[in-house]
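[1] what's the 3D shape of this:
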Amino acid sequence: MIKIAILGLGNVGTSVLNIIRNNQDLIYQKIGENFEIVGALVRDKTKHLEKGVYLASSFEEILSLRPDIIVELIGSVNPALEYIIKSLENDIPVVTANKEVLAKYPDVIFALADKKRVPIYFEAAVGGGIPIVRPLKVCLAANRIKEIMGILNGTTNYILTKLDEGLEFESALKEAQEKGYAEANPESDLSGMDALYKIAILSSVSFGVLVDIKELSSEGINKISLKDVLYARDLGYKIKLIARSCVKDNKYDIRVYPMLLPFSHPLASVNNNMNSILVKGDFVGSVMFYGQGAGGNPTASAVASDIMDIGWHIKNSHTHRLSGNIKSKATILKLDELFSRFYLRAIVKDNPGVLAKIAKVLADNDVSIKSMVQKTSNKGYAELVFIVHQCNEQNFYKSIEDLKLVDSVKQIASTLRVYED
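    Numbers count the residues shown, from 1 in each chain. Prediction:
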């Protein structure tokens, strides 16, 4: 009998409890051992009395139960980090779905796990029920990963899908909250931070490097309007919040930003609250993972698979794979080393010569126009939409600052990256 303790009995913790109880026969068939939930750490015991599990009020009480595996499902950093560290120090394997603590403290957690040779599994930290961490560690281990590109946040993908259907931003956000796809305070989702935590974790796993989350940047969807989504569609693109990681000359580009994807791109058809991750390896080519990226049952499915993996190793007295296998710190590419195509929407005076002024400012910063469309003209002002060729990102943003000084330019309404393979 393998003894398990769960920290937190929210939606995911309760679903893990149900999986282990309902599928005990299947678990035994696959690993040759039964699981026993010896206890759960909760804040308010009165809310969980009907769940039929011993309820602990302190982590020390959990340790006194001598569990073989500790499952951390509290979320956030504190006290989750403390409990993870204490578990590893006590030679107890850990399963966690906590993306924030893994992204912010990979040096502390993975170094300790590898030093103690105690595993920490975290399949559920990225992509909910989508298997991605284990495939990167095992199935694709013989490949040099060139790029990871994905939709890693269901909230923002749902909102962008609804914008594409004609809803305004606030209405789409409200609908997402009503359906339970968005938190009451959705800032972490809308700002891109949630996706940034996830791509940082996947980058560490794929490239074997320590990623400092403080060196990374994210751009959210807060400034995207219905106009941008509809104009992009007219041009043959869908706007998606993309988490992207790639390596160039031993330096790394790891970021989150809204991007115009051509209709033909496989991620362009990922809609509503679904997640998808596209991985490119040097020998396997491109492989794509798709599914529900959040929710109690999908996330619990990933947690339970990690518990079973650790349980199988315990049952057979096998040495666990090292958790981090991090060899060096990632050097992150700076803005003047990055290149992209851009979408630019500007409100300008509807006068002769305005386009020439804009083109000159862009050209002075080594930015060239690929295409331009005038979308509207009203009360002496015109709305222009540009797609520019691939250019240095620092030069592009310098040109935007210069355009704001042109008297004919009323407003730079939007700038977004455009996909280029």
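[2] rounded mean pLDDT for the helix or strand where V229 lies, please.
    Using DSSP states H and E, V229 sits within helix 226-234. Average pLDDT, helix 226-234: 95.
[3] put the alpha carbons of that helix into CSV.
    This file holds the C-alpha atoms of helix 226-234, laid out as CSV (Å, rounded to 0.1, in the frame of the first residue of the first chain):
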residue,chain,number,x,y,z
LEU,A,226,-12.9,44.1,-31.5
LYS,A,227,-11.7,46.3,-34.4
ASP,A,228,-8.2,44.6,-34.2
VAL,A,229,-9.7,41.1,-34.3
LEU,A,230,-12.0,42.0,-37.2
TYR,A,231,-9.3,43.8,-39.2
ALA,A,232,-6.9,40.9,-38.7
ARG,A,233,-9.6,38.5,-40.0
ASP,A,234,-10.0,40.6,-43.1
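[4] just checking, what packs against that helix?
    Packing contacts for helix 226-234, counted by 3 or more C-beta pairs under 8 Å, 6 or more residues apart in numbering; DSSP states H and E, involve helix 154-164, strand 237-248, strand 339-349, strand 369-378, strand 409-418. Bear in mind the C-beta positions are built from the backbone N, C-alpha and C, glycine included.
[5] mind redoing it with 7 Å?
    Helices and strands touching helix 226-234, by 3 or more C-beta pairs under 7 Å, 6 or more residues apart in numbering; DSSP states H and E, are helix 154-164, strand 237-248, strand 339-349.
[6] which parts of that helix are buried?
    Residues L226, K227, D228, V229, Y231, A232 are the ones in helix 226-234 that count as buried (16 or more other C-beta atoms under 10 Å).
[7] OK, contacts around the closest residue in space to G293 that isn't next to it in sequence?
    Among residues not flanking G293 along the chain, N275 sits closest, at 2.9 Å (C-beta to C-beta, 6 or more residues apart in numbering). N275 makes contacts with G127, G128, I130, G150, I151, L152, G154, G291, G293, as judged by C-beta atoms under 7 Å, 6 or more residues apart in numbering.
[8] distance to K248 added to the buried residues of helix 226-234, as JSON lines?
    Below are those laid out as JSON lines (distance: C-beta to C-beta, whole Å):
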{"residue": "L226", "distance to K248": "35"}
{"residue": "K227", "distance to K248": "34"}
{"residue": "D228", "distance to K248": "29"}
{"residue": "V229", "distance to K248": "30"}
{"residue": "Y231", "distance to K248": "31"}
{"residue": "A232", "distance to K248": "27"}
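[9] out of those, flag the one nearest to K360.
    Y231 (23.9 Å; C-beta to C-beta).
[10] wait, the closest one sits on L384?
    No - using C-beta atoms under 7 Å, Y231 makes no contact with L384, being 10.6 Å away.
[11] residue ranges of each domain in this protein, please.
    Domains of the chain are assigned by automatic domain parsing as 2-129+296-327, 133-291, 335-418.
[12] show me what contacts the residue positioned nearest the centre of the chain?
    Central residue of the chain (C-alpha atoms, centre = their mean): A195, 2.7 Å from the mean position. By C-beta under 7 Å, 6+ apart, the contact list for A195 reads L152, N153, S218, L241, A243, V256.
[13] may I have the helix or strand where it lies as CSV, with CA atoms only?
    Under the criterion of DSSP H and E, A195 resides in helix 193-207. Only the C-alpha atoms of helix 193-207 are listed here, as CSV (Å, rounded to 0.1, in the frame of the first residue of the first chain):
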residue,chain,number,x,y,z
MET,A,193,1.6,36.2,-16.6
ASP,A,194,-0.2,32.9,-16.2
ALA,A,195,1.1,31.8,-19.7
LEU,A,196,4.5,33.2,-18.9
TYR,A,197,4.9,30.9,-15.8
LYS,A,198,4.0,27.9,-18.0
ILE,A,199,6.3,28.7,-20.9
ALA,A,200,9.2,29.3,-18.4
ILE,A,201,8.6,25.8,-17.0
LEU,A,202,8.4,24.2,-20.4
SER,A,203,11.6,26.0,-21.5
SER,A,204,13.5,24.7,-18.5
VAL,A,205,12.3,21.1,-19.2
SER,A,206,13.0,21.4,-23.0
PHE,A,207,16.4,23.1,-22.9
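[14] and that helix, what's its mean pLDDT?
    For helix 193-207, the mean pLDDT works out to 96.
[15] ok, and what's touching stretch 171-189?
    The contact list for stretch 171-189 (C-beta under 7 Å, 6+ apart) reads N153, G154, T155, T156, Y158, I159, K162, L163, D194, N273.
[16] gap between the two ends of it?
    16 Å (C-alpha to C-alpha, to the nearest Å).
[17] so the residue lying farthest from the centre of the chain versus D282, what's the distance?
    Distance from the C-alpha centroid of the chain, by C-alpha atoms, centre = their mean, peaks at P352 (45.4 Å). Distance, P352 to D282, using C-beta to C-beta, to the nearest Å: 53 Å.
[18] quick one: secondary structure of the nearest residue to M372 once chain neighbours are set aside?
    Spatial nearest neighbour of M372, chain neighbours left out: F386 (5.0 Å); criterion: C-beta to C-beta, 6+ apart. Classification of F386 by DSSP: H, G, I helix; E, B strand; the rest coil places it in strand.
[19] just checking, F386 touches L344?
    Yes - counting by C-beta under 7 Å, L344 is a contact partner of F386 at 4.3 Å.
[20] quick one, phi/psi of N250?
    phi 60, psi 20 (degrees, to the nearest 10).
[21] just I148 next, same as before
    Dihedral angles phi and psi of I148 (degrees, to the nearest 10) take the values phi -120, psi 130.
[22] can you check P119 too?
    Main-chain torsions, P119, degrees, to the nearest 10: phi -80, psi 150.
[23] isn't it up against W312?
    No - counting by C-beta under 7 Å, P119 does not reach W312; the two are 11.7 Å apart.
[24] buried only: go through the contacts of N275 for me.
    Of the contacts of N275, these count as buried by 16+ other C-beta under 10 Å: G127, G128, I130, G150, I151, L152, G154, G291, G293.
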